[in-house]
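Participant: quick one: sequence and predicted model below, then my questions.
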Amino acid sequence: MKLHHVGIATDNIDKTIEFLETVTVIVSRTEKIYDPLQDAWLCMLELEGSGRVELIEGNAVSRFVKKHINLYHTCYEVANIEQEKEKWIASGAVLVSDEKSAILFNNRKVVFLMSQIGLVELLESGDENES
């Protein structure tokens, strides 16, 4: 299991990117895409020296943004999503969503759990060149 990215809730991905460009260097970014399974717009950024940040905009995160809660989730890439999910649940995490394909990650499987460290996304391992 390794840290893949942190998810940031925003009410406007484009304005958040503009802000980030003033305080850091964006090495690469995906196009902004809509994921109907999450009912959200998504964009993955690679920040110089800081790793990846996923920006999330839409109904899925609107209540968090209204409360000024922008750190939305932490994503870990895992070799076996089923085993890792069961390990988290056995440790007290609660399943928030069933496994589903994530369009931003070339349809690799993801699952969300609420844990003692907040919302966690588990992402099945894939090609290293994928987002």
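Facilitator: All right, it came through fine.
Participant: center of this structure - which residue?
Facilitator: Taking C-alpha atoms, centre = their mean, the centroid of the chain lies closest to residue 7, which sits 4.1 Å from it.
Participant: now that one: which helix or strand?
Facilitator: Using DSSP states H and E, residue 7 sits within strand 2-10.
Participant: which outside residues touch that strand?
Facilitator: Residues outside strand 2-10 that contact it (C-beta atoms under 8 Å, 6 or more residues apart in numbering): 16, 44, 51-57, 61, 64-65, 69-77, 119, 121, 123. From N, CA and C alone the C-beta is placed, and that goes for glycine too.
Participant: then stretch 52-72?
Facilitator: With C-beta under 8 Å, 6+ apart as the test, stretch 52-72 has contacts from 4-13, 16-17, 20, 34, 38-47, 75, 104, 118-119, 131.
Participant: so which of the residues you listed are in helices?
Facilitator: Among these, the members found in helices (DSSP state H) are 13, 16, 17, 20.
Participant: need phi/psi at the nearest residue to residue 14 once chain neighbours are set aside.
Facilitator: In this structure, residue 14 finds its nearest non-sequential neighbour in residue 32, 7.6 Å apart by C-beta to C-beta, 6 or more residues apart in numbering. Main-chain torsions, residue 32, degrees, to the nearest 10: phi -70, psi 120.
Participant: so what's residue 32 up against?
Facilitator: By C-beta under 8 Å, 6+ apart, the contact set of residue 32 is 13, 14, 41, 42, 43.
Participant: sorry, back to before: tabulate the ones in helices among the contacts of stretch 52-72 (CSV), appending distance to residue 82.
Facilitator: Converted to CSV, the ones in helices among the contacts of stretch 52-72 look like this (distance: C-beta to C-beta, whole Å):
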residue, distance to residue 82
13, 32
16, 33
17, 35
20, 35
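Participant: need the residues that contact stretch 106-120.
Facilitator: Identification of contacts with stretch 106-120 by C-beta under 8 Å, 6+ apart yields 7, 71-76, 81, 85, 88-89, 91-102, 121-127, 130-131.
Participant: distance from it to the middle of the chain?
Facilitator: Centroid separation for stretch 106-120 versus its chain: 8 Å, with C-alpha atoms, centre = their mean, to the nearest Å.
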